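1. could you look at this predicted model? Sequence included:
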2 protein chains.
Amino acid sequence: MSKNVLVPVADGTEEIEAVSTIDVLRRAGAGVTVASVNALQIKASRGVNLVADCLIGDCVDKSYDLIALPGGIPGAEHLRDSKDLLGILKNQKQAGRYIAAICAAPAVILAHHGLIESEKVTCHPFFFHRLDPHDRVELPVVADGACITSRGAGTAVQFALKLVEILYGREKANEIAGAMVTTLDKDRSALLS
Amino acid sequence: MSKNVLVPVADGTEEIEAVSTIDVLRRAGAGVTVASVNALQIKASRGVNLVADCLIGDCVDKSYDLIALPGGIPGAEHLRDSKDLLGILKNQKQAGRYIAAICAAPAVILAHHGLIESEKVTCHPFFFHRLDPHDRVELPVVADGACITSRGAGTAVQFALKLVEILYGREKANEIAGAMVTTLDKDRSALLS
């Protein structure tokens, strides 16, 4: 069963976080659209040049099972400042569909725009103070309701595997982890399940 | 102290492996050149579009402290078939400088071209039978002399951190791991050190 996933990117997006999410979800069979809020070709945070599938303006009338926001600075700030993306995120939140964010993105995008209600969330230690003390949790991956968050480039594969688990089940996540020669971390949060 | 690193890429290169290596080594301060053996823009194994810094032909007369080969099929086969890259790798081997490879690359490129002498090596389980039984080791990351190998997309960050440790020392590798919200794995091989 194919799921539609949107991964917005920008100049300064953290490339391990973006690429791990795209790659692992496509391994699961998801239809992943990589949409830029800047030009079609972006320069990621460590200089990797990525060409998106489309611009974010092409996505405003579409529906996604999951929107996954990579971090990186200034990438997350560019995502935060995109009016098109904000509209898409507000619709997604209102519909109760999945929103995921990693590294700077939970604080810089979700918290900034009031897209966290009472869900437990995490983010990169550098931005952790920006999260509401009642909501924040120091775990590599946190899934609570329709909100999935994670901490940084070093947790990106586990974040992506959690998204696969949520969309396709634990068996599929285990299968993909094995093919990537890793395992599902024992210390990943499973607040959702 | 800046080190020069070459990361060759091709259509079908595993994008997590390529991008993790580039990103983590640049975090350490390395000058990383991403060189395509196909066109400048390549489509990686899960459809991520990457634009290389140059073509492999631009690299034949240069000297690198480290050449790191990502896996992915058919990416590793395209790298194997590049005469320019083979010349660069043979020079690198002869000079005793570092060659690293992950996933399919140790078997499909290094073993195929006789670039493994008696070093201990690992690779993706799917290609493990192609490695000489006297050389092969089932560990996430194996560093032996000037040869560093690893197993798959799920071990790519640890592979890249090991390359940082070798070029810049353990303190720098630990610092970068922390900023990425991960740690140096306890089960990484340290045959070199």
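-> On my side now, so go ahead.
2. contacts only, for A:Leu167.
-> Neighbouring residues of A:Leu167 by CB atoms under 8 Å, 6 or more residues apart in numbering or on different chains: A:Lys3, A:Val5, A:Leu25, A:Ala28, A:Ala30, A:Asp65, A:Leu66, A:Tyr98. Where C-beta positions appear, they are placed from N, C-alpha and C, glycine not excepted.
3. neighbours around the spatially closest residue to A:Ser36 that is not a sequence neighbour, how many?
-> Nearest residue to A:Ser36 in three dimensions, chain neighbours excluded: A:Ala52, at 3.8 Å (CB to CB, 6 or more residues apart in numbering or on different chains). By other CB atoms under 10 Å in any protein chain shown, the residues close to A:Ala52 number 25.
4. cool, the one 5 residues further on as well?
-> Residue crowding around A:Gly57 was assessed by other CB under 10 Å; the count is 14.
5. and it, that's in a helix?
-> Yes - assessed by DSSP: H, G, I helix; E, B strand; the rest coil, A:Gly57 belongs to a helix.
6. roughly how far apart are it and A:Val37?
-> 9 Å (CB to CB, to the nearest Å).
7. what's near enough to touch the spatially closest residue to A:Ile109 that is not a sequence neighbour?
-> Nearest-residue entry for A:Ile109: A:Arg80, 4.8 Å, with adjacent residues in sequence omitted and distances by CB to CB, 6+ apart. Contact partners of A:Arg80, counting by CB under 8 Å, 6+ apart, are A:Leu86, A:Val108, A:Ile109, A:His112, A:His113.
8. could you do A:Ile88 as well?
-> Applying CB under 8 Å, 6+ apart to A:Ile88 gives the contacts A:Leu6, A:Ile56, A:Cys59, A:Val60, A:Tyr64, A:Ile67.
9. please pick the buried ones from those residues.
-> Those of those that meet the buried threshold are A:Leu6, A:Ile56, A:Cys59, A:Tyr64, A:Ile67, by 16 or more other CB atoms under 10 Å in any protein chain shown.
10. how about the first one, secondary structure?
-> Yep, that's A:Leu6 we're talking about. A:Leu6 - assigned by three-state DSSP - is strand.
11. ok, now which ones touch it?
-> A:Val32, A:Thr33, A:Ala35, A:Cys59, A:Lys62, A:Tyr64, A:Leu66, A:Ile67, A:Ala68, A:Ile88.
12. and which of the residues you listed is nearest chain B?
-> A:Val32 (7.9 Å; CB to the nearest CB).
13. my guess is that closest one contacts A:Pro8. True?
-> No - counting by CB atoms under 8 Å, A:Val32 stays clear of A:Pro8, with 11.4 Å between them.
14. of those two, which one has the most company?
-> A:Pro8 (29 against 24).
15. my guess is the more buried one contacts A:Ser82. True?
-> Yes - the pair A:Pro8 / A:Ser82 is scored as a contact, 7.4 Å apart, by CB under 8 Å.
16. anything in contact with each of A:Gly57 and A:Val37?
-> A:Asp84.
17. and A:Lys90, how far from chain B?
-> 28 Å (CB to the nearest CB, to the nearest Å).
18. residues near the nearest residue in space to A:Gly72 that is not next to it in sequence, how many?
-> Using CB to CB, 6+ apart and skipping the chain neighbours, the partner closest in space to A:Gly72 is A:Glu14 (3.2 Å). Neighbour count of A:Glu14, defined by other CB under 10 Å: 30.
19. list the contacts of A:Glu14.
-> A:Glu14 touches A:44-46, A:70-72, A:75, A:102-104, A:152-153, B:23, counting by CB under 8 Å, 6+ apart.
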